[in-house]
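Peer 1: predicted model follows, preceded by the sequence.
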Amino acid sequence: MQNDLLKDKVIIVTGAFGGIGLAIAKACLNAGANVLLHGRSEQNQSDALRYLDGGDRVEPFVGDVTRDNFAADLVETTIRRFGKINGIVNNAAYVVSSNVGDTTLALFREVLEVNSLAPFAIIQSALPHLAETKGAVVNIGSVNAYAGEPNLLAYSVSKGALMTLTRNLGDSLHRDFGIRVNQLNVGWVLTEKEQERKVGHGLPTDWYTLISPMYAPARRLLDPMEVANSAVLWLSDSLGPVSGQAIELEQHPIIGRNPEKNLDALDLE
């Protein structure tokens, strides 16, 4: 979908060599932006660049978000290449199964480093440049931020921390610098990694066509580009002064939902 919502803006997208991040990068390009495309693995870079076909409007950057000086190097590369920063999408995330029994402190720290601390470090490093442009930050969160699945303990807590960071900075940075900070709490999305994960858990290859309407009323999961289109809107100037918000991108109510006690609620296997 072509539009001019981000015409001539410069957007950093982390975790963007695949999945939701790559879709967001594509949507930003379609909206007229220049994109600093971050990913962790060089082996996925060429495929991502080929898919985007953005020419000189895309600058790739490879690196682990937890390494020392990552945020400063990311920001410096963006300024050197494009001269300004109008927006940041903190999408890079560590999604790992863990519960109260098998979550080690080392794992917990690693998940928090990637999902909570790295976004903070990037915002902090980019602060002077975002202040100059009255820019916008969109943090990609999860509906698991509100409690989460039992086997997504560390991940859920990290997204809850990210949501508090969003609300806190969405207030203070907006007042002090004119920078808007918002979060998209994303529901169940059909990415290539989610497909691999569920097949690895023993589900059939077409599992996503068999989801109960209790969990997917639309009879399908969200598409990455649907998340991306929302991210573009929140990066743009279309929503005026709205800041510090956590928006659920899900197809049913997350808070207050009380599913019917019908056969869907029973384990009949």
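Peer 2: Nice, thanks for sending it over.

Peer 1: just after the helix ranked longest in the chain, pick out the following helix or strand.
Peer 2: In the chain, with assignment by DSSP state H, the single longest helix is helix 153-177. The C-terminal neighbour of helix 153-177 among helices and strands, as given by DSSP states H and E, is strand 180-186.

Peer 1: roughly how far is that following strand from the heart of the chain?
Peer 2: Relative to its chain's centre, strand 180-186 lies at 9 Å (Cα atoms, centre = their mean, to the nearest Å).

Peer 1: now do stretch 171-191
Peer 2: Using Cα atoms, centre = their mean, the offset of stretch 171-191 from its chain centre is 10 Å.

Peer 1: and the helix or strand of the chain with the lowest mean pLDDT, what does it pack against?
Peer 2: Within the chain, confidence by mean pLDDT, DSSP states H and E is lowest for helix 192-200 among all helices and strands, at a mean of 89. The contact analysis (3 or more Cβ pairs under 8 Å, 6 or more residues apart in numbering; DSSP states H and E) places helix 192-200 against no helix or strand. Where C-beta positions appear, they are placed from N, C-alpha and C, glycine not excepted.

Peer 1: rewinding a little: what residues sit buried inside the longest helix of the chain?
Peer 2: 153-163, 165-167, 169-170, 173-174, 177 (16 or more other Cβ atoms under 10 Å).

Peer 1: just for the stretch 101-250 of the chain, where's the confidence low?
Peer 2: In the predicted model, the stretch 101-250 of the chain carries no residue with pLDDT under 70.

Peer 1: again, only this time at 90
Peer 2: 193, 197-198, 200-204, 211-215 (pLDDT under 90).

Peer 1: hmm, back to that, got a list of contacts for the following helix or strand past the least confident helix or strand of the chain?
Peer 2: Going down the chain from helix 192-200, the next helix or strand is helix 224-235, by DSSP H and E. With Cβ atoms under 8 Å, 6 or more residues apart in numbering as the test, helix 224-235 has contacts from 1, 3, 5-6, 9, 11, 19-20, 22-24, 26-28, 31, 33, 86-87, 89, 136, 138, 140, 182, 184, 186, 189-191, 239, 247, 249.
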